[in-house]
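S.K.: Kindly generate the corresponding structure for this input.
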Amino acid sequence: MAERYVMSIDQGTTSTRCILFDHHGRLVSVTQREHKQHFPRPGWVEHDAVEIWRNLERIGPEALAQAGIGPGEVAAVGIANQRETTVLWDRRTGLPVTPAVVWQDTRTDTLVDELSRRPDAHVVRERCGLPLATYFSAPTIRWLLDHTPGLRERAERGEVLFGTMESWLIWNLTGGPDGGVHVTDVTNASRTLLMDLRALAWDDTLLDFFGVPRAMLPEIRPSSETYGVARRVVPGVRIAAALGDQQAALFGQTCFHRGEAKCTYGTGAFLLLNTGDEPVSSTHGLLTTVGYQIGDQPAVYALEGSIAITGALVQWFRDRLGIISTAPEIETLARTVEDNGGCYIVPAFSGLFAPHWRSEARGIIVGLTSYITKGHLARAVLEATGWQTREVVDAMNADAGIALTTLKVDGGMTADNLLMQFVADVLDVPVVRPMVAETVSLGAAYAAGLAVGYWPDLEGLRSNWHRAAQWLPSMDAGRREEEYDNWRRAVERTFDWIKPPAT
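M.R.: Numbers count the residues shown, from 1 in each chain. Model (predicted):
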């Protein structure tokens, strides 16, 4: 019998990738294509959804050709996607009615402020587990309906459809205007501000609060389940999984048990903790979200801590200050000194995310003396990522009532051994990195393979996980707490920097 594979589509913020995996979770082929970032006004960030679909039409067959196979040797397709990005399209023509509004977009800040002042605003977090913020999809949908003539009436008639990126791709893969399946999965639906977190269904109270017509919404389905059969790109192959990218990484890291956590280190960092089959309401600045749902099994929930600036601080150090010429050089420079020399950098470039959520904060460097060298600054840059991780882990331990025992890591910054050792030191737990770095894509592949029987169960997936590197804590406890106290005092000095306009 010929070897079969699972295809993963990773539709990210800057590019789309297709990866084929074999039975052992090994990467067989990979193709990638970037799409343009559009910034039509300050604070606006847009994508062309058609460009993204066309890119997938090109790279899907290329991935098959690279592996020397046809669609008949693909058991299933799974999709991981940039979360919260909003696409509205015409059901009949299949064309977007507006540009896709990206999760980074802040055009809804005034609307969110107005909604936050309503006396019933408390229902949002109570029902969906998320704070009212520009980050999520519902305010964007409302803004587009309010600012595009005739769009609300068309949406109420079901002529205009809403979806996040996985919905848009599944609809096109399964036929588009000619019978395309309009679905989303529970992880993506949980990021819209419109889904009841426990019922896993669109919530009428939330729909009324945001003024979003039910007729435009996709059907909510489990993360791992056959949604339909592809008619384009990979004809005849079952589309069998969809997860938001960070939940896909949680799945790819096989964090299937309560208390297991992963952190993905990229431009920012996203730390997710499996909290089991009950959602945990956060009182420490974290998001409550769906981790994944396999078929008709109960959903598994997660706490999420989002850190805005991690790798982006290294990029700033390289591109804006010019102290290094390549990102990997920062580790070499940081190793020229034994410690940070008393210097701390808090990268609140556009406010602080979890666990503080202070949009008025701005970045600072504290502890500068004539002793400080560029080596100390480099070390402070790396340590900022470690201390921010510690803040989120402390919040998770407090909310979940279970202490983290190991942190699984992935993403580009995990190549920095000094940084990973520092993370282990400040958390006082082992930090481990897997052999397969493509955990987002692997998670989508795993979920799709499970749905069609390509892999038998979760334990089978665990056997595919192999450790590539491990860092064990070695910092003195007294020094750890003294430096953490210094960090927290530095963070407090970023607060209230941007003053509200005088009335």
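S.K.: Find the nearest non-adjacent residue to residue 350, please.
M.R.: residue 308 (6.5 Å; Cβ to Cβ, 6 or more residues apart in numbering). Any C-beta I mention is one placed from the backbone N, CA and C, and that applies to glycine too.
S.K.: do the same with residue 62
M.R.: residue 31 (4.3 Å).
S.K.: Just to be sure, that neighbour is in a helix?
M.R.: No - counting by DSSP: H, G, I helix; E, B strand; the rest coil, one finds residue 31 to be strand, located in no helix.
S.K.: mind listing what it touches?
M.R.: Going by Cβ atoms under 8 Å, 6 or more residues apart in numbering, residue 31 touches 17-18, 59-60, 62-63, 66.
S.K.: Dump those into JSON lines; add distance to residue 342 as well.
M.R.: Formatted as JSON lines, the contacts of residue 31 follow (distance: Cβ to Cβ, whole Å):
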{"residue": "17", "distance to residue 342": "43"}
{"residue": "18", "distance to residue 342": "48"}
{"residue": "59", "distance to residue 342": "49"}
{"residue": "60", "distance to residue 342": "53"}
{"residue": "62", "distance to residue 342": "52"}
{"residue": "63", "distance to residue 342": "50"}
{"residue": "66", "distance to residue 342": "52"}
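S.K.: Out of those, which two sit at the greatest distance?
M.R.: Farthest apart among those by Cβ to Cβ are 17 and 66. That separation is 12.2 Å.
S.K.: Of these two, which one has the most company?
M.R.: Neighbours per residue, other Cβ atoms under 10 Å: of residue 17 and residue 66, the larger number sits with residue 17, 22 against 15.
S.K.: pLDDT score for the more buried one?
M.R.: pLDDT, residue 17: 93.
S.K.: Got phi/psi on residue 306?
M.R.: phi -100, psi 120 (degrees, to the nearest 10).
S.K.: count of residues packed around the residue lying closest to it once chain neighbours are set aside?
M.R.: Nearest residue to residue 306, sequence neighbours excluded (Cβ to Cβ, 6+ apart): residue 353, at 4.7 Å. Neighbours of residue 353 under the rule other Cβ under 10 Å: 24.
S.K.: Quick check: which ranges of the stretch 351-500 of the chain have low pLDDT?
M.R.: For the stretch 351-500 of the chain, the stretches with pLDDT under 70 are 500.
S.K.: what ranges do the strands span in it?
M.R.: 364-366, 407-410, 431-434, 467-471 (DSSP state E, counting those that start in this stretch).
S.K.: Among those strands, which comes closest to residue 81?
M.R.: Comparing the strands of the stretch 351-500 of the chain by Cβ to Cβ, strand 407-410 comes nearest, at 17.1 Å.
S.K.: residues near the residue nearest to residue 350, how many?
M.R.: The number of residues near residue 308, taken as other Cβ under 10 Å, comes to 18.
S.K.: Is it in contact with residue 357, as I believe?
M.R.: No - the pair residue 308 / residue 357 is not scored as a contact, 10.5 Å apart, by Cβ atoms under 8 Å.
S.K.: Between these two, which contacts overlap?
M.R.: Between them, residue 308 and residue 357 share the contacting residues residue 351, judged by Cβ under 8 Å, 6+ apart.
S.K.: what is in contact with residue 17 and residue 66 at once?
M.R.: Contacts common to residue 17 and residue 66, judged by Cβ under 8 Å, 6+ apart, are 30-31.
S.K.: quick one: contacts for the closest residue to residue 252 other than its chain neighbours?
M.R.: Distances taken as Cβ to Cβ, 6+ apart put residue 443 closest to residue 252, at 3.1 Å, once the chain neighbours are dropped. Residue 443 makes contacts with 78, 80, 243, 247-253, as judged by Cβ under 8 Å, 6+ apart.
S.K.: give me phi/psi at residue 121?
M.R.: phi -60, psi -20.
S.K.: neighbours around it, how many?
M.R.: Residue 121 has 15 nearby residues by other Cβ under 10 Å.
S.K.: Also residue 208?
M.R.: By other Cβ under 10 Å, neighbour count at residue 208 equals 12.
S.K.: In which helix or strand does it reside?
M.R.: Under the criterion of DSSP states H and E, residue 208 resides in helix 204-210.
S.K.: Buried ones in that helix, by neighbour count?
M.R.: Buried residues in helix 204-210, counted by 16 or more other Cβ atoms under 10 Å: 206, 209-210.
S.K.: Moving along the chain from it, name the first helix or strand you hit.
M.R.: strand 219-221.
S.K.: what's that following strand in contact with?
M.R.: 182-186, 189, 195, 200-202, 227, 242.
S.K.: If any of those residues are buried, give me the ChimeraX selection for them.
M.R.: Entered in ChimeraX, the line below selects the buried ones among these, by 16+ other Cβ under 10 Å:
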select :182,183,184,185,186,189,195,200,202,227,242
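S.K.: Restricted to helices, list the contacts of strand 219-221.
M.R.: Among those, the residues falling in helices (DSSP state H) are 186, 189.
S.K.: Please dump the contacts of strand 219-221 into a markdown table; it should also carry distance to residue 45 for every row.
M.R.: Below are the contacts of strand 219-221 laid out as a markdown table (distance: Cβ to Cβ, whole Å):
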| residue | distance to residue 45 |
| --- | --- |
| 182 | 25 |
| 183 | 26 |
| 184 | 21 |
| 185 | 24 |
| 186 | 26 |
| 189 | 22 |
| 195 | 24 |
| 200 | 29 |
| 201 | 30 |
| 202 | 26 |
| 227 | 28 |
| 242 | 23 |
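S.K.: Including pLDDT, could the contacts of strand 219-221 go into a markdown table?
M.R.: Below are those laid out as a markdown table (pLDDT from 0 to 100):
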| residue | pLDDT |
| --- | --- |
| 182 | 97 |
| 183 | 97 |
| 184 | 97 |
| 185 | 97 |
| 186 | 97 |
| 189 | 97 |
| 195 | 97 |
| 200 | 97 |
| 201 | 97 |
| 202 | 98 |
| 227 | 97 |
| 242 | 97 |
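S.K.: with the contacts of strand 219-221 in mind, which one is nearest to residue 124?
M.R.: residue 195 (11.3 Å).
S.K.: buried stuff in stretch 336-349?
M.R.: 337, 340-341, 343-348.
S.K.: so where does residue 236 fall, helix or strand?
M.R.: Here residue 236 is assigned to no helix or strand, by DSSP H and E.
S.K.: Just give me the longest helix of this structure.
M.R.: Longest helix in the chain, counting by DSSP H: helix 374-400.
S.K.: How far off centre is that one?
M.R.: Chain-centre distance of helix 374-400: 19 Å, with Cα atoms, centre = their mean, to the nearest Å.
S.K.: got it, and stretch 391-402?
M.R.: Using Cα atoms, centre = their mean, the offset of stretch 391-402 from its chain centre is 19 Å.
S.K.: Equivalent analysis for stretch 261-272, please.
M.R.: Distance, centroid of stretch 261-272 to centroid of chain: 8 Å (Cα atoms, centre = their mean).
S.K.: Please work out the average pLDDT along that stretch.
M.R.: Rounded mean pLDDT across stretch 261-272 is 92.
S.K.: Okay, buried residues for that stretch please.
M.R.: 261-272.
S.K.: Now flag whichever of the residues you listed is closest to residue 400.
M.R.: Nearest to residue 400 among these, with distances taken as Cβ to Cβ, is residue 261, at 9.4 Å.
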